[in-house]
Structure formats: C-alpha cells, structure tokens
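Asks: Here's a sequence, model it:
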Amino acid sequence: MNLRPFIITGLSILVFLLLSFSSCRRINDYTEVGDDLIPPIDNITTFDTSLTVQAFNDTFSLLMDSLRVIANDEHFLGLIQNDPIFGKTHAEIYLELKPDFFGSYPFSRRDSLIVDSLVLVLGFTQLYGDSLTPQTINVYELNQELKLDSFYLLRVPAATHFPSPLNLPGQLIYPNRLDDSVKVFQDTTAGQLRIKLDTNLARRFLNYDTSNAYKSDSAFKRAFKGFAIKSEGSGNALMGFKLRDNRNTKLAFYYRIPSRSGNIDSTVVRYFTCNPDCKTANYIKRNYTGTPVASAAGQPSPAQFVYLQNTPGTYAIIKIPDLATLTNRLVHRAELIMEQIYHPSDTIFPPPSALFLDAYDSTITGFYKYRTVPFANDYDLRTGYDFFGFGINPFNGKDPGGNNIKIWRFNLTRYVQNIINGNIRPHTLRLYAPFLIRGKSKISNTREEIDIPPGAYINKTYATGRVRLGGGNHPTQKMRLRIVYSKQ
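Replies: Presented below is the predicted three-dimensional model:
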C-alpha cells in the first residue's frame, strides 16, 4: 500500500493548522492576558479597534499628596542629585531612640565608666539609585519633641534641630557596602548603616539618672528629644531603613567597667531602640526645576510623554473622547495599554512596581473627588480588590529598538461595556504611582459604595520608582485603549 499520499495530506493539514494558530495568536495581540475569554478575531463576528488617548501631565499639590507615614513603614534617607528626567530628591529621617524601660538606670554603673564609642545604627533594607556615589550623613539633636507619627506629612519637615552635628566629621557612606556583614562587639550582622557620634553625647546619657531623664518616657523626651538624620553634600541614591527593627536600628553605647582594684573588668554594650512608643517621621522633597517633568506639567495640549513618580510625585490625566461615541456592541476585552519609553537612566532609577488608574467624580462630597474605576475595580466584601486582575503590575516587553521595557494593560472591559449600555458616562481618569490609595469605591454587584479601606497599598514603599511612558501622541509607542468586540 502506498502511504505517500496519506503522509502528504497529513502534513498539509498539520501545516494549515499551525499557520492558522500562529495567525490567530498574532492578530489577538496578548488577548490571552486577563480574565476574559476572547474568541478568535476573524473580522466577521469579532473585531479589534483602538481608541485615541489624550494624556496631560501634572505634579501633585500638598493637599492631594498628603501621605502620613508611621514608624512601621520603611523610611528613606539620602540625596538624588542627577536624575536627568525627574530632577532631585532629598530625604531625611527624624526618630526617637530610648531605653526599653524607665524607672531604673539603664547602664551598669553611673560613675567611672570608660566610654569607647557611641554609634547610631540604622537597619538597611534597600537602595534606589546609584550605589557607587558616596554620601555624607550628618546627625543632629532635635529641639522640638516629635508627636504621633500620623501628625506628620511626608512633604513637610517634622521638626527643627540644633545647628551642630552630633556625629564625628569625615564619615562617608558608600551605599553599595550597606549590605556587607559588620563584625563588632556582640553584633555580627549585615544590613546596617553605622554612624559614629561624639562620645560627649554618651557621657550626657550616662550622667542622667532616675530622678530626671530615666524617671519616665515624658521625662526622657524633655531631656533628649530625638535625632534628625540628613544626607548633606553629594549623592545620587535613596537608602531605605526599617526603624522598628530592634536588631538593626539602635543607639549603641560601647563602654568599659573598671573593677574595684582599678583594672578594666569588662566591656559592655547597651542599646536604646525604637520601641513601640517611639515616634518617627520622614521628609521627602522633590525638585523638578529644569527637567522635562517641569516643562510638561500643566500643559494644555495632549502630551507625547507621560511622567510618573511614586509618592510624593506626579500624575497624568487621561481622557478618551471617543468612548462616548461607541455604538451597541459586546465587549470581550478592553484594555488601556501604555509602554515605558526607554532611557539609559532607567537602569539606575527603575520604574515603580505598580501604577494605578482611578476616576474623577464631581458628585463626591468633600475635597477628594476620586473613586476606583466603576465596574473595572470595584470592592468585593469578601475578597477586597483584585488589583492584579485590574492590571496594576506591568509585563516585560521590548521597545522597537530592542530595549527591555515595562508594559501596563489596565482591564477596563466592564467599565467600557457599562458605558455602551448607558449605565454610566465616561470619566476623566487619573494615572499615577501611589504608595496607597484613597477615595470612594463601588461595592461589587450592588449600587452601594464605601470609602476605600485603610491599607489599600499599591506599591510596597513610597519615594522610589519613576517611569516615562508614551502618551497618546507618541510616534511609535502610543498609549491607547484597545477594544475587542462583537456586534449585537
């Protein structure tokens, strides 16, 4: 029996099926991403179109960007002086470090102790920026008591301080070494920023007793109000620290105790820590002077580039004029697509881990008139928000030049369908990179709404992360609303 015709026929069918699958996948352009099942686009029953997007850049005002951090949050310290797109950032930390208990003297003895050194230690968590440029860190004594953490805005200095530094001069910090292991007396660990302070401050703490500073927490704060820690000079990175990390954040006293015979008996270390009652604050200052961000902010014409920086930062207003003109159809997938526009500085200052899209609503009572995008990002009473399904995290991609970039695809399928059905009108949208969000939310499958619950975090930290995206006018990487639909 001649099997050759059957083999040729089988191969032909296999090639046809492979070509059909390849063609379908190419036309669908990532429609497999997301929750919605999309039928193949055959230009007969299912269609694909993109709507033009208009983007307008701006920077947040203090009231709109009024984040208040707490001691458990990661705090940032450092200087960024040479970001060619987003300019400069200055970050400083304020904190209290105290004995764990009051009513007793925290050291072995009060008299005759020999102070070897006093070291301020901060628990290092992450680096954002240039790891090789050294920074000079200075420590000051506050002359104002810190209040509750939530009293302080991220963009406002928390307190004033005395003019003279407490630290020994000439200490350069190299950010790339902060992950190295440190071997000191009774403390061998990694992830520490260590700043040597003048031992006169140690002697001052040794001279206090239970009749004054060590009598109570309030008495201690009257005697010593806390530290202001600043990077002053040059630098091109922010360093993140955990202040409630009692293992790595502390004020370390190294001293020796003479024996009764006059010989040195032993070496001792005692720690003051950021205990549950300690107060902290973080101050982050952005300076966009002379940058593309400053030139683009507030411009009335749609932008070619969109500039987004994590809190405290920037945002873009997004308008899609043709949404209101869509005729009756069944939407299988609608996604707002945006692509990073590569710049060599992105390797030093990478994008935030997430972006967020919300909607302006003039009917909301009060100053803050934003809500999650209706039907696309509603609040479920059992499971909360599906931020991942909404699309806050990016995909990896390539730009036309072959550079690695991030691509965001926000799922607006149900939002667009409800506009077409006449249930809602199109909103002006806002795109940004927040630490956490606030405003209103619709409750899933109801007509009720709630305030966004506290703790709705989008990015793991504030201060770090910035990205330049293509706007609706970009020549090769346009922001666009892609819609896959069927006629009804």
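Asks: for S441, what are its contacts?
Replies: Residues near S441 by CB atoms under 8 Å, 6 or more residues apart in numbering: 371-372, 377-379, 385, 449-452. For the C-beta atoms, the positions are set from N, CA and C on the backbone; glycine is no exception.
Asks: Go through the residues you listed and flag which are in strands.
Replies: Residues of these located in strands (DSSP state E): 371-372, 449-451.
Asks: Most neighbours among these, which one?
Replies: T372 (24 neighbours; other CB atoms under 10 Å).
Asks: hang on, that one packs against D358?
Replies: Yes: look at T372 against D358 with CB atoms under 8 Å: they come within range, at 5.7 Å.
Asks: okay if I get the contacts of S441 as CSV plus distance to T133?
Replies: Shown next, in CSV, are the contacts of S441 (distance: CB to CB, whole Å):
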residue, distance to T133
R371, 42
T372, 40
N377, 40
D378, 45
Y379, 44
Y385, 39
E449, 48
I450, 46
D451, 43
I452, 39
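Asks: Out of the residues you listed, which comes closest to I407?
Replies: Nearest to I407, judged by CB to CB, of the contacts of S441 is N377 at 19.0 Å.
Asks: Could you tell me how far the closest one is located from G389?
Replies: From N377 across to G389, the span is 9 Å (CB to CB, to the nearest Å).
Asks: The two: which is more packed in?
Replies: Neighbours per residue (other CB under 10 Å) separate N377 from G389, with N377 holding more: 28 against 13.
Asks: For that one, what are phi and psi?
Replies: phi -140, psi 60 (degrees, to the nearest 10).
Asks: so who does it touch?
Replies: With CB under 8 Å, 6+ apart, N377 has these contacts: 357-358, 385-387, 390, 441.
Asks: same check, this time on K369
Replies: Per CB under 8 Å, 6+ apart, neighbours of K369: 360-362, 439.
Asks: same check, this time on S216
Replies: Contacts of S216 (CB under 8 Å, 6+ apart): 102-103.
Asks: Where does pLDDT dip in the protein?
Replies: 1-44, 181-183, 185-186, 188, 260-265 (pLDDT under 70).
Asks: what ranges do the helices span in it?
Replies: Along the chain, counting by DSSP state H, helices occupy 4-28, 199-207, 217-223, 292-296, 387-390, 413-420.
Asks: Flag every buried residue along the fifth one.
Replies: Under the neighbour-count criterion of 16 or more other CB atoms under 10 Å, helix 387-390 has 387, 390 buried.
Asks: Please list the outside residues in contact with that helix.
Replies: Residues contacting helix 387-390 (CB under 8 Å, 6+ apart): 34-35, 354, 357, 373, 376-377, 393, 410-411, 458.
Asks: Turn those into TSV, including distance to V467.
Replies: Below are the contacts of helix 387-390 laid out as TSV (distance: CB to CB, whole Å):
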residue	distance to V467
G34	21
D35	25
A354	11
L357	14
V373	20
A376	21
N377	20
N393	13
F410	15
N411	20
I458	14
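Asks: Go through those and say which is closest to L336.
Replies: Using CB to CB, the contacts of helix 387-390 come closest to L336 at F410, 4.3 Å.
Asks: that older thread, tell me the buried residues within the contacts of helix 387-390.
Replies: 34, 354, 357, 373, 376-377, 410-411, 458.
Asks: so what's the residue nearest to L168 when sequence neighbours are not counted up against?
Replies: Nearest non-adjacent residue to L168, counting by CB to CB, 6 or more residues apart in numbering: K196, 4.8 Å away. By CB under 8 Å, 6+ apart, K196 lies in contact with 117-119, 167-168, 171.
Asks: what does P352 give?
Replies: Taking CB under 8 Å, 6+ apart, one finds 308, 310, 433, 459, 464-467 in contact with P352.
Asks: Disregarding residues adjacent in the polypeptide, which is nearest to it?
Replies: G465 (2.9 Å).
Asks: how many neighbours does that neighbour have?
Replies: For G465, the number of neighbouring residues by other CB under 10 Å comes to 23.
Asks: so what's G87 bridging to?
Replies: D83 (DSSP bridges).
Asks: just checking, it touches T291?
Replies: Yes: taking CB under 8 Å as the definition, G87 is a contact partner of T291 at 4.2 Å.
Asks: Check this protein for its longest strand and report it.
Replies: Max-length strand for the chain by DSSP E is strand 114-129.
Asks: which other helices and strands contact that strand?
Replies: Strand 114-129 sits against strand 75-83, strand 192-197, helix 199-207, strand 227-231, strand 236-242, strand 250-258, with contacts defined as 3 or more CB pairs under 8 Å, 6 or more residues apart in numbering; DSSP states H and E.
Asks: Can I get these in JSON lines including distance to Y415?
Replies: JSON lines is the format used below for these (distance: least, CB to CB, whole Å):
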{"stretch": "strand 75-83", "distance to Y415": "34"}
{"stretch": "strand 192-197", "distance to Y415": "46"}
{"stretch": "helix 199-207", "distance to Y415": "58"}
{"stretch": "strand 227-231", "distance to Y415": "44"}
{"stretch": "strand 236-242", "distance to Y415": "35"}
{"stretch": "strand 250-258", "distance to Y415": "50"}
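Asks: For R329, which of those is the nearest?
Replies: strand 75-83 (44.1 Å).
Asks: now the closest one and strand 114-129, what's the angle there?
Replies: 50 degrees (axes from the mean of the first three to the mean of the last three CA atoms, to 10 degrees).
Asks: just checking, what packs against strand 75-83?
Replies: Packed against strand 75-83 by the contact rule (3+ CB pairs under 8 Å, 6+ apart) you find strand 87-95, strand 114-129, strand 135-141, strand 227-231, strand 236-242, strand 280-287.
Asks: Off-centre distance for that strand?
Replies: Taking CA atoms, centre = their mean, to the nearest Å, one finds strand 75-83 lying 14 Å from the centre of the chain it belongs to.
Asks: Also stretch 236-251?
Replies: Worked out by CA atoms, centre = their mean, stretch 236-251 lies 17 Å from the chain centre.
Asks: Which positions within that stretch qualify as buried?
Replies: 236-245, 248-251.
Asks: wait, doesn't Y271 sit right on N248?
Replies: No: using CB under 8 Å, Y271 makes no contact with N248, being 10.8 Å away.
Asks: ok, how many other residues are close to R68?
Replies: R68 has 15 nearby residues by other CB under 10 Å.
Asks: do G470 as well
Replies: 25.
Asks: hey, what's it bridged with?
Replies: Beta-bridge partners for G470, by DSSP bridges, are F305.
Asks: which residues does it contact?
Replies: Counted by CB under 8 Å, 6+ apart, G470 has contacts 304-306, 338-339, 341, 476-479.
Asks: between the longest strand of the chain and helix 199-207, how many degrees?
Replies: Going by the same axes, to 10 degrees, strand 114-129 makes 120 degrees with helix 199-207.
Asks: Could you list the buried residues of strand 114-129?
Replies: 115-129.
Asks: what lines up beside that strand in the sheet?
Replies: Strand 114-129 has these strand partners (DSSP bridges): strand 192-197 (antiparallel), strand 236-242 (antiparallel), strand 250-258 (antiparallel).
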